[in-house]
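1. please work out how this folds:
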Amino acid sequence: MLVALLFLGVPAYLKWYLEQNDRSTIAALPRLADAQETYRTNYGQYAPSLAALGPPPAGASVSAAHANLIDAALAAGARSGFSFTYQASDRDNDGRADSYTVSASPFAIGSSGQAYYFLDESKQIRRSAEGAATASSPMIPK
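-> Model prediction:
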């Protein structure tokens, strides 16, 4: 009986766990986009790094280096079984970041997440189950 419960319960739990991690990641991306817009309004450009969007060190003030717009885990680039890779770009070469990309990849596909996600300044979340999501991956409907 116990073996039957484990046989049925473990796959169901793993599926639930993976779905929760993916949902958490999908929910974090719009918050990250909103944080970027706030940063751009306050500092005239998109953040140079995820850490710049995160909380300041103890005793330090909020600044362009640590704007306190996202939580520490996301600012460190790892959250809910996913690794977040951030890249800011200066497309018009004026010395300020005017675009960005964020890629969210599960630490282990099938063990910590079910898909890969992508976000840029368009605020459209894109998803790929086959490999790293890009700007040409299918959008997730809002």
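2. show me what the host helix or strand of I26 is packed up against.
-> Under the criterion of DSSP states H and E, I26 resides in helix 2-43. Judged by 3 or more CB pairs under 8 Å, 6 or more residues apart in numbering; DSSP states H and E, the packing partners of helix 2-43 are helix 50-53, strand 78-79, strand 99-106, strand 116-120. C-beta here means a position set from N, CA and C on the backbone, and glycine is covered the same way.
3. how far off centre is the longest one?
-> Centre-to-centre, strand 99-106 and its host chain are 6 Å apart (CA atoms, centre = their mean, to the nearest Å).
4. repeat that for stretch 50-70.
-> 17 Å.
5. same check, this time on stretch 102-120
-> What separates the centre of stretch 102-120 from the centre of its chain is 9 Å, taken as CA atoms, centre = their mean.
6. show the end-to-end separation of that stretch, please.
-> The straight-line separation of the ends of stretch 102-120 (CA to CA, to the nearest Å) is 6 Å.
7. now do it: everything it contacts.
-> 18-19, 21-22, 25-26, 28-29, 32-33, 78, 80-87, 99-101, 125-129, 131-135, 137, 140 (CB atoms under 8 Å, 6 or more residues apart in numbering).
8. include mean neighbour count, mean pLDDT and distance to R91 when you put the helices and strands packed on helix 2-43 into JSON lines, please.
-> What follows is the helices and strands packed on helix 2-43, written out as JSON lines (neighbours: other CB atoms under 10 Å; pLDDT from 0 to 100; distance: least, CB to CB, whole Å):
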{"stretch": "helix 50-53", "mean neighbour count": "21", "mean pLDDT": "98", "distance to R91": "19"}
{"stretch": "strand 78-79", "mean neighbour count": "16", "mean pLDDT": "94", "distance to R91": "28"}
{"stretch": "strand 99-106", "mean neighbour count": "21", "mean pLDDT": "97", "distance to R91": "5"}
{"stretch": "strand 116-120", "mean neighbour count": "23", "mean pLDDT": "97", "distance to R91": "12"}
